[in-house]
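In: Test case, fold it:
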Amino acid sequence: MKRSCFQHGAPVLLAAALALPLAACGYKNNPVPPQRLVPQAITDLKYQLGKDGATLTWSYPQKTVSGKDLGRVRNFLLYRAVVPVADYCEKCPIPFLAPVTLDGGALPDKGGRTGSYNEPILRPGNMYFYKIRCSNGWLSESADSNVVSFLWDTPAAAPTGLLVRSVRGKNQLNWTAVSTNQDGSAITHPVRYQVLRKVDDGAFTRLGAPVSETTYTDGKVQSGQSYTYQVQSLSVLKQGLVEGGLSDTASATSQGREALRRPEPPQAVITDTGVKVFWNHAQTGNLAGYRIYRRAAGETSARKIGEVKLPYNMYIDKSAPKGVALYYSVSSVDSQNPANESSRTAEVQAEE
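Out: Numbers count the residues shown, from 1 in each chain. All right, here's what the predicted structure looks like:
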């Protein structure tokens, strides 16, 4: 029996017909999202730990990846991972969970906008990791933000008794050591303290590295400027630092370092026992004594040859060389350790 041409060709025609709409689609891979809709990645994700848990903050991106202004962000995708300390592996991938969707919104015409998220329940003995993306719809997600992480354990209580006083151009802080955790249990880990400072109405920033002592000297102050301080306790664990409580604030206005006045130029008289150098007392606060300097003719700089404490205002240079012109000057010093010193007086030549 002859085969029907229809029967033989039908599958071919059907396959060709099915192929037509596929060929007409115009792409072979997943569609590429319009670059004008994809927001730039967030780069300033931060966290703050407190009695209400962890608070995350970030800035809304203001541009798309192509540099166009971004009028609004539809929503944010917050990724979170919780890893028990015993299972933590520094080089292992972070096991982020499915994201939490947070509402976005419009950006203001001027300035920026900040997003935030509160994590109220934290379990002791765990590492927490976060990253965030912003989205303007399907296939319009930004790249990952920076990742922030912290170790959570029962935090240490806040330091108490913070005092600050301004002393000669420096602010000196002291506080009471922490001995318990926030739940009242005894401290079982070493404790460090992080000093934070704000200038006038600015934001608090960390000053230097954490310290183990309960004192701190802030030497980077300007006279007349108002400074406010807090101290935060930090529990030191093998896996990192656990941020504890923040002390009450304490403020001081720096008085600056009082400039020491030098005395009037001295007199220098050559005697049989040496060169007698004497001068009138300087009229300056916190004066403790004087330093005496000598320069021989031909020398380019004077050198200190002695020091006297109050109430003396005379010095005998018993080692003065003979046969050469000698020049003397004097400076004032205070009682600080190390002492502050005024500029030197004008030089005077020793005479008989």
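
In: If you rank every helix and strand of this protein by mean pLDDT, what lands last?
Out: helix 5-23 (a mean of 42; mean pLDDT, DSSP states H and E).

In: following that helix, which helix or strand shows up next?
Out: strand 46-50 (DSSP states H and E).

In: and that next one, which residues are buried?
Out: For strand 46-50, a neighbour-count test (16 or more other Cβ atoms under 10 Å) marks 47, 49 as buried. The way it works is simple: take the backbone N, C-alpha and C, and place the C-beta from them, glycine included.

In: Show me the strands paired with that strand, marking each as parallel or antiparallel.
Out: Taking DSSP bridges as the criterion, strand 46-50 forms sheet pairs with strand 53-59 (antiparallel).

In: Neighbouring strands of the following helix or strand past the strand it pairs with in the sheet, and parallel or not?
Out: The helix or strand immediately downstream of strand 53-59 is strand 72-84, counting by DSSP H and E. According to DSSP bridges, strand 72-84 forms sheet pairs with strand 100-106 (antiparallel), strand 126-135 (antiparallel).

In: residues of whatever helix or strand comes next after the first one that come out buried?
Out: So that's strand 100-106. Following strand 100-106 in sequence order, the next helix or strand is strand 114-119 (DSSP H and E). Within strand 114-119, the residues scored as buried using 16+ other Cβ under 10 Å are 115, 117, 119.

In: Repeat that for stretch 281-296.
Out: Across stretch 281-296, burial judged by 16+ other Cβ under 10 Å covers 282, 287, 289-295.

In: And stretch 206-226, by the same measure?
Out: 207, 210, 214, 216, 218, 221.

In: In strands, which of the residues you listed fall?
Out: 207, 210, 216, 218 (DSSP state E).

In: Apart from its chain neighbours, what residue comes closest to the second one?
Out: To tie it back to what came earlier, the one meant is P210. Excluding the flanking residues, the one nearest P210 by Cβ to Cβ, 6 or more residues apart in numbering is R192, at 3.7 Å.

In: The one you found: neighbour count?
Out: Other residues near R192 number 18, with proximity taken as other Cβ atoms under 10 Å.

In: Tell me who's in contact with it.
Out: Counting by Cβ atoms under 8 Å, 6 or more residues apart in numbering, R192 makes contact with 210-212, 233-234, 236, 241.

In: nearest to C92, of those?
Out: Checking the contacts of R192 against C92 with Cβ to Cβ, the nearest one is L241 at 21.1 Å.

In: Surely that closest one touches L151?
Out: Yes - counting by Cβ atoms under 8 Å, L151 is a contact partner of L241 at 7.2 Å.

In: between these two, which one's more packed in?
Out: Comparing L241 with L151 by other Cβ under 10 Å, the one with more neighbours is L151, at 20 against 16.

In: Now for the more buried one: which residues touch it?
Out: 85, 126-128, 237, 239-242.

In: Tell me the most packed of those, by neighbour count.
Out: Of these, with other Cβ under 10 Å as the count, V242 tops at 22 neighbours.

In: any idea whether that residue is helix, strand or coil?
Out: Per DSSP: H, G, I helix; E, B strand; the rest coil, the local secondary structure of V242 is strand.

In: Give me the distance between it and Y216.
Out: 21 Å (Cβ to Cβ, to the nearest Å).

In: How about A297?
Out: Relative to Y216, and taking Cβ to Cβ, A297 is found at 50 Å.

In: Tell me if I'm right that G208 and V195 touch.
Out: Yes - with contact defined as Cβ under 8 Å, G208 reaches V195; the gap is 7.0 Å.

In: ok, the most centrally placed residue in the chain - contacts?
Out: Residue closest to the mean C-alpha point of the chain, counted by Cα atoms, centre = their mean, is R206 at 3.9 Å. R206 makes contact with 194-196, according to Cβ under 8 Å, 6+ apart.
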